[in-house]
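Participant: Can you look at this prediction? I've put the sequence above it.
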Amino acid sequence: MTAPLIDPFARAITYLRVSVTDRCDFRCVYCMAENMTFLPKKELLTLEELDRMCSAFVGLGVKKLRITGGEPLVRRDIMTFFRAMSRHLDSGALEELTLTTNGSQLERFAADLAAAGVRRINISLDTLDEEKFARVTRWGRLPQVLRGLDAAQAAGLAVKLNAVALKDFNEDELFTLTEFCHDRGIDLTWIEVMPMGDLGNEDRIGQYWSLTDLRAQLAQRYTLAELSDRTGGPARYVRLEETGQRIGFITPLSHNFCESCNRVRMTCTGELYMCLGQEDRADLRPALRNFPQDDAPLEQAIRAAIGAKPRGHDFDYSRQRADGQVSRHMSHTGG
Ligand code: SAM
Ligand code: SF4
């Protein structure tokens, strides 16, 4: 038996999020600049390298793999990778294979994902208004995403909707989004917007709407029962007593989850970020590429990286400026 991955603060690392591309067919205002320069293709790990990398983590005790991006479903031939990963589900080594997607390609891929053993997916959707959707995603079109959501549900995938809470943008949709999710049997999670990169947004969408305030507004209509569900991540959940619905709140800016953090993130170039809010990272690509036949150096590099996982992050909105801001975009580390 190989020893599991334990970091210096005695946290077992069982959850890997992998960005498989930095590209996207949307340009959400809080995530990307309109004119993005993407990585040259040769910088990206190939699908075979992604397989080797993820399989090494699974071999070291990772139980949950979340595929993200950029938009994971725009990566060419990505279904080959999902099908390959399903062997770890079959063997029982991996407990969950999942993804976070903007939903644009789900009409095409939902059935294939289900066939590869994906059971639950997260779809990001901030508004149900076509014009607002076009504004916040710049390049996205709402009907396409709604068709994707339909396809996912038709394929039997459990869907969770993630909405970024944006001041003066979707505050007025708190109840419509809640009801939309209830009608479709979907969990809804609100995410606090994080200070990521300099996106040059003159249109002022992307402003911080505190989830404390959002929660207080929700409590004006519903009775909120605190749930103890923990995912090892920054999400907290309540149940709406009147409808039985589960609503999540992801407050990455608070420190209340770092002590139970069980995850690390890998970029599409093979860099491992040990904490979403810190620049600490380890480049795993040399160990992968320099030893094509031998996984021992890669495992060693992974263990060394986990041995350097920081205690927590330094985001802080309580001061005038967004302290602790990190310069990279979410599309780089995959959110
Ligand atoms: N393209 C996929 C999607 O949109 O779901 C996956 C990648 S995206 C970077 C992952 C998640 O990060 C999305 O739910 C998105 O809304 C969120 N996100 C992006 N930028 C963010 C920011 N600055 N603050 C908070 N969440 C952000
Ligand atoms: Fe693309 Fe997702 Fe970023 Fe939007 S949040 S630009 S869909 S990667």
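Facilitator: Thanks, I have the structure now. Ligands and ions are numbered 1, 2, ... in the order given.

Participant: Looks to me like Leu97 is in a strand.
Facilitator: Yes - residue state for Leu97 (DSSP: H, G, I helix; E, B strand; the rest coil) corresponds to a strand.

Participant: where along the protein do the strands fall?
Facilitator: With strands called from DSSP state E, the chain shows them at 15-19, 64-68, 96-101, 120-124, 158-165, 187-192, 224-226, 235-240, 246-250, 263-266, 271-273, 281-283.

Participant: Is there proximity between the third one and ligand 1?
Facilitator: Yes - residues of strand 96-101 contacting ligand 1 under C-beta under 6 Å from any ligand atom: 100-101. Backbone N, C-alpha and C define where each C-beta goes, glycine included.

Participant: now the protein, which segments are flagged as low pLDDT?
Facilitator: Scanning the chain for pLDDT under 70 picks out 1, 195-204, 232, 253-256, 314-335.

Participant: ok, which stretches of it are helices?
Facilitator: For the chain, applying DSSP state H gives helices covering 47-59, 78-91, 106-115, 130-137, 142-154, 174-184, 211-221, 285-289, 296-306, 330-333.

Participant: Could you say which of those helices is packed most deeply?
Facilitator: Using mean count of other C-beta atoms under 10 Å, the stretch among these with the largest mean neighbour count is helix 330-333, at a mean of 24.

Participant: quick one: which of the helices of the chain is nearest Leu276?
Facilitator: helix 330-333 (6.4 Å; C-beta to C-beta).

Participant: measure Ser86 to Thr68 for me?
Facilitator: 18 Å (C-beta to C-beta, to the nearest Å).

Participant: same deal with Cys28?
Facilitator: Counting by C-beta to C-beta, the gap from Cys28 to Thr68 is 14 Å.

Participant: Next to ligand 1 in this structure, residues from the stretch 1-150 of the chain, please.
Facilitator: Selection of the stretch 1-150 of the chain residues close to ligand 1 by C-beta under 6 Å from any ligand atom yields 24, 30-31, 68-69, 71, 100-102, 124.

Participant: Now with 8 Å, please.
Facilitator: Contact residues (C-beta under 8 Å from any ligand atom) of the stretch 1-150 of the chain with ligand 1: 19, 24, 26, 28, 30-31, 68-72, 99-103, 122-124, 126.

Participant: on that earlier part again, give me the more crowded residue out of Cys28 and Thr68.
Facilitator: Set Cys28 next to Thr68 and count neighbours by other C-beta atoms under 10 Å: Thr68 wins out with 25 against 21.

Participant: Could you pick out the buried ones from the residues of the stretch 1-150 of the chain next to ligand 1?
Facilitator: Buried members of these, scored by 16 or more other C-beta atoms under 10 Å, are 19, 24, 26, 28, 30-31, 68-72, 99-103, 122-124, 126.

Participant: Return only those of those found close to ligand 2.
Facilitator: 24, 26, 28, 30-31, 68-71, 100-102, 124.

Participant: Pipe those into a markdown table and attach distance to Tyr15 per row.
Facilitator: Putting these into a markdown table (distance: C-beta to C-beta, whole Å) gives the following:
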| residue | distance to Tyr15 |
| --- | --- |
| Cys24 | 23 |
| Phe26 | 25 |
| Cys28 | 24 |
| Tyr30 | 24 |
| Cys31 | 22 |
| Thr68 | 12 |
| Gly69 | 17 |
| Gly70 | 20 |
| Glu71 | 21 |
| Thr100 | 13 |
| Thr101 | 18 |
| Asn102 | 21 |
| Ser124 | 19 |
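
Participant: quick one: Leu149 from ligand 2, how far?
Facilitator: Leu149 sits 14 Å away from ligand 2, going by C-beta to the nearest ligand atom, to the nearest Å.

Participant: Quick check: that residue touching Ile123?
Facilitator: Yes - Leu149 lies in contact with Ile123 (C-beta atoms under 8 Å); the separation is 5.9 Å.

Participant: Identify the contacts common to these two.
Facilitator: Shared contacts of Leu149 and Ile123, defined by C-beta atoms under 8 Å, 6 or more residues apart in numbering, comprise 103, 106, 159.

Participant: and which of those residues is nearest to Trp139?
Facilitator: Trp139 lies nearest to Gly103 out of the shared contacts of Leu149 and Ile123, by C-beta to C-beta, at 13.5 Å.

Participant: What residues does the closest one make contact with?
Facilitator: By C-beta under 8 Å, 6+ apart, the residues touching Gly103 are 123-125, 144-146, 148-149, 152.

Participant: For ligand 2, state which of the residues you listed is nearest.
Facilitator: Ser124 (5.8 Å; C-beta to the nearest ligand atom).
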